Every structure is written in C-alpha cells, then in structure tokens.
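Engineer: sequence and predicted structure, then a few things I'm wondering about:
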Amino acid sequence: STVDLCNQKIYTEAEMNAELEGMATTLALAAVRDNRAIIAHVGDSRVYRCDAQGLIQLTEDHSEVGEAVRAGLLTPAQAENHPRRNVISRAIGADSEVEAEIIEIEIDNSTILLLCSDGITRHVRDDQLERLLRSGEHPQVLCQTMKQLCYNEGAEDNLTAVIVKFGAQAEADEQTKPARTKRAGASAGVISQVAERPERQKKFIELGSPAT
C-alpha cells in the first residue's frame with residue numbers, strides 16, 4: 001500500500017502539471033519489526049545486507065541491462081559499461097500502477113542494511129562496499145566516505161545512501177552518533193545529493209540520522 005500510494009501521488013502530479021510530464025523515480029524500502037525486515041524495491045536502486053556471511057545484494061535491478069544479464073544475454077562485466085545501463089524497466093510514477101518486488105528476511109545483531117541509488121553502485125564496487133560496511137565505522141562516516149569515493153570518480157549521477165546497523169553494534173555507536181534515532185537499538189546514516197540539471201550547479205543536501 002505504501003508503494004501504491006507513492007506511485008499514485010507522483011503519477012497524478014505528473015498528469016496534472018505539464019512541467020512534470022514524465023516524472024518518475026526509483027524506490028528502495030526496508031520496514032523493520034523485531035527480527036524481521038520487509039524489503040521492497042522498484043527500479044535500479046538497491047538494498048544490500050552485510051553480516052557474517054558477507055555482502056548480499058537483496059534486490060535485482062529493474063533495468064534493461066539487468067534483465068539482459070538474468071537472461072544470459074550480457075555478462076555482469078558487460079553490463080557495467082553498457083550504453084543503456086541507466087534505462088530502467090520499472091519506475092514509481094511512470095504508470096498508474098506499478099508492481100514492486102517484495103521479500104522478507106530475518107535480521108540479527110550483526111545485520112547491516114544498505115539502501116542506495118545507482119549513483120553509488122556505479123562508482124563503488126561491491127568489494128569496496130563490503131569492506132566499508134565491515135569496518136566498524138559509524139553509518140554517517142561510511143556514507144560520507146561513499147560520497148567522497150563517488151566524487152573522486154566524477155559523481156555522474158544523484159547520490160543517495162542509507163545505512164542502518166542493528167543490535168550491539170548500534171549501541172556501540174551511540175556516543176559518536178550525530179543525532180539520536182527514534183528506534184532503540186539501531187543507528188543510521190544518510191547522504192543525499194540532488195542534481196537539479198546537468199548544466200547547472202549541483203545542490204547538496206546533508207541529513208543527520210533519520211528515524212528507522
């Protein structure tokens with residue numbers, strides 16, 4: 001219902017306002033209760049899980065190249081530099097209805113979740129993401145590091161990342177946390193960069209720890 005509501009709001013605004021025609025976006029969502037997390041996504045923004053088993057990509061990109069890789073028509077290496085790698089096959093607000101992929105997972109005190117846009121994954125490899133998430137740094141520090149890595153590579157797209165730690169590792173972060181989260185036992189960091197237009201100066205939004 002949350003996905004449907006978001007889709008309807010964006011679709012309706014684009015239909016009513018000619019300046020917003022064609023407006024759409026991707027979505028990556030995690031809803032947590034106790035030791036369960038529901039993951040939903042539309043488009044090519046991703047959700048990763050990192051724990052003792054390593055880094056696991058929980059979502060599959062809704063994109064032309066993502067579908068080609070799953071069909072065996074492209075290799076992951078070919079997909080990375082494919083000229084149509086940014087063309088998504090599903091988006092919030094593109095049509096009056098949208099189907100999200102939804103999974104449910106178990107989480108524990110070692111779990112770290114990363115939700116991010118393709119502006120992050122275009123420049124930061126999975127092995128780099130895993131190394132960062134397993135470093136023990138506070139989520140806000142990790143987000144700033146990811147942002148800098150993307151800047152070093154040219155930051156070709158909007159950057160959005162949310163990192164959430166659970167359990168004892170979240171409590172250990174308490175003294176260095178920029179702002180208290182509303183949910184006990186979890187610490188989070190977020191960085192969002194919004195590019196207005198390619199030819200215009202980029203506008204940056206720095207946020208503290210959000211409610212999880």
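Structural biologist: Received the coordinates, thanks.

Engineer: for the rest of this, base every contact and every neighbour count on C-alpha atoms.
Structural biologist: Fine.

Engineer: and whatever helix or strand residue 162 lives in, which strands flank it?
Structural biologist: Using DSSP states H and E, residue 162 maps to strand 159-166. Its sheet considered, strand 159-166 pairs with strand 112-116 (antiparallel), strand 186-194 (antiparallel) by DSSP bridges.

Engineer: in the shortest one, what counts as buried?
Structural biologist: If you call a residue buried by 16 or more other Cα atoms under 10 Å, then strand 112-116 has these buried ones: 112, 113, 114, 115, 116.

Engineer: for the closest residue to the fourth one other than its chain neighbours, give me phi and psi.
Structural biologist: Yep, that's residue 115 we're talking about. Of all residues not flanking residue 115 in the chain, residue 47 sits nearest, at 4.5 Å (Cα to Cα, 6 or more residues apart in numbering). For residue 47, the backbone dihedrals (degrees, to the nearest 10) come out as phi -120, psi 130.

Engineer: residue 71: how many residues sit nearby?
Structural biologist: Look at residue 71: counted by other Cα atoms under 10 Å, it has 10 neighbours.

Engineer: quickly, which of the strands paired with strand 159-166 bottoms out on average pLDDT?
Structural biologist: Ranked by mean pLDDT, those end with strand 186-194 at the bottom, a mean of 61.

Engineer: pretty sure residue 123 sits against residue 153.
Structural biologist: Yes. Between residue 123 and residue 153 there is a contact at 6.5 Å, judged by Cα atoms under 8 Å.

Engineer: residues contacting the spatially most central residue of the chain?
Structural biologist: Central residue of the chain (Cα atoms, centre = their mean): residue 116, 1.9 Å from the mean position. Residues near residue 116 by Cα atoms under 8 Å, 6 or more residues apart in numbering: 28, 45, 46, 47, 159, 160, 161, 162.

Engineer: ok, so of the buried residues of strand 112-116, who is nearest residue 69?
Structural biologist: residue 116 (20.4 Å; Cα to Cα).

Engineer: model confidence for the closest residue to that closest one other than its chain neighbours, exactly?
Structural biologist: Counting by Cα to Cα, 6+ apart, residue 116 lies nearest to residue 161, which is 4.2 Å off, once chain neighbours are set aside. Note on residue 161: pLDDT of 94.

Engineer: next one: residue 161 from residue 98, what distance?
Structural biologist: According to Cα to Cα, to the nearest Å, residue 161 and residue 98 sit 23 Å apart.

Engineer: and those two? Which one has more around it.
Structural biologist: A direct count of neighbours by other Cα under 10 Å for residue 161 and residue 98 places residue 161 higher, at 27 against 16.

Engineer: rewinding a little: just checking, the residue nearest to residue 116 touches residue 115?
Structural biologist: Yes. Using Cα under 8 Å, residue 161 makes contact with residue 115 at a distance of 5.6 Å.
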